[in-house]
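J.: Here is a sequence together with a model predicted from it:
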Amino acid sequence: MHNSRHTLRTYQIGFVSAVLLTVIPFTLVRYQVLPSGMLLPVIAALAVLQVGVHFRFFLGMRVKSSTIEELVSLAFALTLIVLLVGGSVWIMSDLSGRMMP
C-alpha cells in the first residue's frame with residue numbers, strides 16, 4: 001500500500017509540474033512579461049525542464065542510478081530532440097530569410 005501511494009504521489013507531483021511548465025510559457029507570451037530577446041531562451045529552458053520532469057516522474061529514469069540501456073535511450077532521445085528542434089529552427093529561419101523582401 002505504501003508503494004502505490006508513493007507512486008501516486010510521484011505522478012501527482014509530475015503532473016502538476018508538467019502543467020505549470022506548460023502554463024508558464026503561454027502566460028509569458030500572452031502577457032508579454034519578458035522582452036522579446038529573453039523570451040525564446042526562457043521558453044527553451046522551461047521545455048528542457050519539462051523533458052526532465054517527464055523522464056523523472058513519468059518514466060522513472062534517474063541519471064545517477066540508471067542502467068547503461070537507460071542512459072543510451074536517454075542519449076538517443078536527447079539527440080533526437082536536438083536534431084528536431086535545431087532542424088526546425090534552421091528551416092524556419094531559412095524560410096523567414098526567403099520570405100523577407
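T.: Right, received. Where do you want to start? Residues are numbered from 1 along each chain as shown.

J.: what about F55, how many residues close to it?
T.: Close neighbours of F55, defined as other C-beta atoms under 10 Å, add up to 20. (C-beta placed from N, C-alpha, C; glycine too.)

J.: Off-centre distance for the lowest-mean-pLDDT helix or strand in the chain?
T.: Across the helices and strands of the chain, the lowest-confidence element by mean pLDDT, DSSP states H and E is helix 68-99, at a mean of 87. Computed by C-alpha atoms, centre = their mean, to the nearest Å, the chain-centroid distance of helix 68-99 equals 13 Å.

J.: Now do the SS call for V29.
T.: Three-state call for V29 (DSSP: H, G, I helix; E, B strand; the rest coil): helix.

J.: Apart from its neighbours in sequence, what residue is nearest it?
T.: Nearest non-adjacent residue to V29, counting by C-beta to C-beta, 6 or more residues apart in numbering: L39, 6.9 Å away.

J.: Quick one: neighbours of that neighbour, just the number.
T.: With other C-beta under 10 Å as criterion, L39 counts 15.

J.: and if you look at the one 10 residues further on?
T.: Other residues near L49 come to 15 when the count uses other C-beta under 10 Å.
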